[in-house]
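Asks: Give the three-dimensional model of this entry:
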Amino acid sequence: MTETRVIPLSLAERDRRWQAIRARMAERRLDCLVIRGISSKWDSGTANVRYISQIGGNGEEAMAVFPLDRDPVVFIWAPSQLEWWPIAQDWVHDVRQGSPTWAGRTADCLRELGYVRGRIGVVGIGGRNEAGKIMSYDIYRALLDVLPDAQFEAASDILEDVRVVKSPEEIEFLARSAHLCDVAVQAMLQAARPGVRAYEVYGEILGAVFRAGGESPMFLMYEADPEPRHALRFPSDRVLQAGYMLIQEISPKYAGYWTQVMVPVVLGEPIPLYRQIAEVAERAYREGLKAIRPGATTNDVAEAINRPIAEAGYTWYRPQFQGLGLEQSEEPHDRNFRGALVETEPVPLEEGMVLGLQPLVATADRRYGLQLGDTVTVTRDGVRVLGETNMALYCV
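Replies: Okay, the predicted model is just below:
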């Protein structure tokens, strides 16, 4: 059997997580959790299973039964991985085949553990983030049908609440992920030259991250254009020329932990308007850093970022920051922004929360715009920037 292992977190970290989750289960009088994980949103959908087991990544899908007073059981997708996962990590030992009968295998386990009349929380319905919403109707309906005497309820909030504040060990992993952001930016700056095709620069970014130890898949949006305003999902095959702008959202992950960086790049000299927009974005970023501290709210940070943008006569139309962790976008979010579908109550920041700052500055007609930002964590005294890339407009 291969010597390949996942990058490990400690057993002390496992015990910390399990204890925190079980305390909330006890408050809700839940006997166990059923946790679903799928490879959606660049594997963000596996965040909750991975949080309790370290099982996930590179398209793995899983379900877990997490009892209040016994070790969890994890079901995985591929039979070819059944021998590997129990030795690839040391958090869980009972790993079983789940597909193609996820509900049947899970129900058998619940019967085996004596929960046919139990109170069961379901992590995968009713959540705020991707991983808290991904339980399929078919699996959930089948569980209700085969265990009619059990009581099921939505419990995604338990994992979301526990995961939002990161431990020092998690922050260290996030710092390693942020280093991959720095590696990606340097690769982009070296590759971006007139005569190079846009997708070649895109490929250099990906290759640099994976050569430096990044995990697949990563998130990369990118546009190379004379007049861009927001990064796109796919690179073009156009040949770069003097005056082209490179706009991107670079989000690598290390051992499942996401960070992000975005810096505008121009080949040669930018048009004056883009230089002005970049200066406002830098100012907005710095004001956001000043506002981040324990006790400040998500609205405080959003207002600090947006104030210099409005004062300069520009606009924004998307969240100016988001939480980062085992999901590419998680709590706490900037949800009170122009164009938001639902406005929510502001969330107080706590030490250990991690934010991806991403100030967007655009002209009123949204024809011109750019983003600039990176990953930070809330500290006892304020904020720590996890990466080392200077937030500026880069001319190459």
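Asks: buried stuff in stretch 360-371?
Replies: 360-362, 368-371 (16 or more other CB atoms under 10 Å). Backbone N, C-alpha and C define where each C-beta goes, glycine included.
Asks: which stretches of the stretch 151-300 of the chain form helices?
Replies: Secondary structure of the stretch 151-300 of the chain (DSSP state H, counting those that start in this stretch): helices at 156-163, 168-191, 198-211, 272-291, 298-311.
Asks: hmm, back to that, which one among the buried residues of stretch 360-371 gets closest to Ile247?
Replies: Among those, Leu370 lies closest to Ile247 (CB to CB), at 5.6 Å.
Asks: In what element of secondary structure is the closest one found?
Replies: Assessed by DSSP states H and E, Leu370 sits inside strand 369-371.
Asks: What confidence value was assigned to the closest residue to Ala198 other than its chain neighbours?
Replies: For Ala198, ignoring the flanking residues on the chain, the nearest one in space by CB to CB, 6 or more residues apart in numbering is Ala224 at 4.0 Å. On the pLDDT scale, Ala224 is placed at 92.
Asks: related to what we said a few turns ago, is it possible to export the buried residues of stretch 360-371 to TSV including distance to Gly132 and pLDDT?
Replies: As requested, those are exported to TSV (distance: CB to CB, whole Å; pLDDT from 0 to 100):
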residue	distance to Gly132	pLDDT
Leu360	26	94
Val361	31	95
Ala362	31	94
Tyr368	36	91
Gly369	31	91
Leu370	32	93
Gln371	26	93
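Asks: one step back: could you say which of the helices of the stretch 151-300 of the chain is packed most deeply?
Replies: helix 156-163 (a mean of 22; mean count of other CB atoms under 10 Å).
Asks: on that earlier part again, elements contacting the strand holding Leu370?
Replies: On a contact count with 3 or more CB pairs under 8 Å, 6 or more residues apart in numbering; DSSP states H and E, strand 369-371 meets strand 245-251, helix 272-291, strand 360-362.
Asks: Which strands border it, and is each parallel or antiparallel?
Replies: When sheet partners are counted by DSSP bridges, strand 369-371 sits next to strand 360-362 (antiparallel).
Asks: Put the alpha carbons of the helix or strand just after the strand holding Leu370 into CSV.
Replies: Sequence-wise, the next helix or strand downstream of strand 369-371 (DSSP H and E) is strand 375-378. Provided in CSV are the C-alpha atoms of strand 375-378 (Å, rounded to 0.1, in the frame of the first residue of the first chain):
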residue,chain,number,x,y,z
THR,A,375,-6.6,36.9,3.5
VAL,A,376,-6.6,38.1,7.1
THR,A,377,-7.4,36.7,10.5
VAL,A,378,-8.9,38.5,13.5
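Asks: Spatially central, which residue of this protein would that be?
Replies: Gln328 (1.7 Å; CA atoms, centre = their mean).
Asks: Gln248 reaches Ala231, doesn't it?
Replies: Yes: in terms of CB atoms under 8 Å, Gln248 counts as a neighbour of Ala231; the distance is 5.1 Å.
Asks: So the two - more neighbours on which side?
Replies: Comparing Gln248 with Ala231 by neighbour count (other CB atoms under 10 Å), the higher total belongs to Gln248, at 26 against 19.
Asks: List the contacts of the more buried one.
Replies: 188, 205, 220-223, 231, 262-263 (CB atoms under 8 Å, 6 or more residues apart in numbering).
Asks: Now, these that are in strands?
Replies: Assignment to strands by DSSP state E places the following of the contacts of Gln248 there: 220-223.
Asks: quick one: which of those residues has the most company?
Replies: Per-residue neighbour counts (other CB under 10 Å) across these peak at Tyr222, which has 24 neighbours.
Asks: if I read this right, that residue contacts Ser251, doesn't it?
Replies: No: counting by CB under 8 Å, Tyr222 stays clear of Ser251, with 11.3 Å between them.
Asks: returning to that earlier point: tell me the one of the contacts of Gln248 nearest Ala64?
Replies: Of these, the one sitting nearest to Ala64 (CB to CB) turns out to be Leu220, at 29.5 Å.
Asks: Quick check: pLDDT value at that closest one.
Replies: pLDDT, Leu220: 97.
Asks: distance of it from Ala154?
Replies: Applying CB to CB, to the nearest Å, the value for Leu220 to Ala154 is 33 Å.
Asks: How about the secondary structure of Arg335?
Replies: Secondary structure state of Arg335, per DSSP: H, G, I helix; E, B strand; the rest coil, is coil.
Asks: Off-centre distance for the helix or strand harbouring Arg111?
Replies: For Arg111, the host element (DSSP H and E) is helix 102-112. Taking CA atoms, centre = their mean, to the nearest Å, one finds helix 102-112 lying 30 Å from the centre of the chain it belongs to.
Asks: other SSEs contacting that helix?
Replies: Going by 3+ CB pairs under 8 Å, 6+ apart, helix 102-112 lies up against strand 32-37, strand 62-67, strand 73-76, strand 94-97, helix 137-146.
Asks: What strands line up against the third one, and which way round?
Replies: It stands for strand 73-76. Applying DSSP bridges, strand 73-76 is found paired with strand 62-67 (antiparallel), strand 94-97 (parallel).
Asks: Tell me what angle the longest one forms with helix 137-146.
Replies: To tie it back to what came earlier, the one meant is strand 62-67. 40 degrees (axes from the mean of the first three to the mean of the last three CA atoms, to 10 degrees).
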